[in-house]
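Undergrad: here's a sequence, model it:
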Amino acid sequence: MTKAEAPAADGGIADPTTEAFWAACRERRLVVQRCRACGHHQFYPRPLCLSCESTDLDWVEARGGGEIYSITTVCVSVTDELPPPYQLAIVALDEGPRLLTNIEGDHATIGDRVAVGWRERPPLPPLPIFRRVARRA
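TA: This is a model prediction of the structure:
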C-alpha cells in the first residue's frame, strides 16, 4: 500500500493540521498546539498562532485536567453509539484552550473539575472525553 492509499490516522477525516492530534489520541495522549514564538496554547489545531500569527507551532501534551466552562444535556438521539441523555460541555483545559467534549459518569455542572478519559471507537482512534473529579468549592 502506498502512502497515498494508506488510511489517515482517524480513518480519513484527518488533514495535515490535525494528523498529529489523532496520532496522539491513538496513544491516549491529549495534545494541544503551543506557539514557539509567544508560548500561547491553542486547540483546535490551526496552521498559525491565534495570539501572534506565527507559524512556528509545536505539539505539547496537556496535563488532562480542566474545568467545565459550559454544559448542556442532550436528549435527542444523534448516533447509536451515543444514546441520550448525555452531557456535552466546553472544558477549559488547565493549559488555557477550550475543548468541546462529552462528560461521562456523574452529573456535572459549570465549574466542576474534570479529567480526560477515552472513548474507544475501533478502528478509529479513541476520542478524548472527560469525567468529573471534584465539585467547585
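Undergrad: at which residues are the strands of the protein located?
TA: With DSSP state E as the criterion, the chain has strands at 31-35, 41-42, 57-61, 65-74, 86-93, 98-104, 113-121, 124-134.
Undergrad: what's the angle between the first one and strand 86-93?
TA: This points to strand 31-35. The directions of strand 31-35 and strand 86-93 differ by 30 degrees, with axes from the mean of the first three to the mean of the last three Cα atoms, to 10 degrees as the criterion.
Undergrad: how far away from the center of its chain is strand 31-35?
TA: 12 Å (Cα atoms, centre = their mean, to the nearest Å).
Undergrad: next, the angle strand 57-61 makes with that strand.
TA: Using the same axes, to 10 degrees: strand 31-35 against strand 57-61 is 140 degrees.
Undergrad: give the rounded mean pLDDT of strand 31-35.
TA: In this model, strand 31-35 has an average pLDDT of 98.
Undergrad: just the residues contacting it, thanks.
TA: Strand 31-35 is contacted from outside by 20-21, 24, 40-43, 45-46, 49, 51-52, 54, 56-62, 93, 95, 97, using Cβ atoms under 8 Å, 6 or more residues apart in numbering. Heads up, the C-betas are built off the backbone N, CA and C, glycines and all.
Undergrad: may I see the ChimeraX selection of the buried members of those residues?
TA: Listed next is the ChimeraX selection for buried residues among the contacts of strand 31-35, using 16 or more other Cβ atoms under 10 Å:
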select :20,21,24,40,41,42,43,45,49,57,62,93,95,97
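Undergrad: can you redo the strands of the chain as a markdown table with distance to Pro16?
TA: Compiled in a markdown table, the strands of the chain are given as follows (distance: least, Cβ to Cβ, whole Å):
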| stretch | distance to Pro16 |
| --- | --- |
| strand 31-35 | 13 |
| strand 41-42 | 16 |
| strand 57-61 | 12 |
| strand 65-74 | 27 |
| strand 86-93 | 23 |
| strand 98-104 | 21 |
| strand 113-121 | 22 |
| strand 124-134 | 16 |
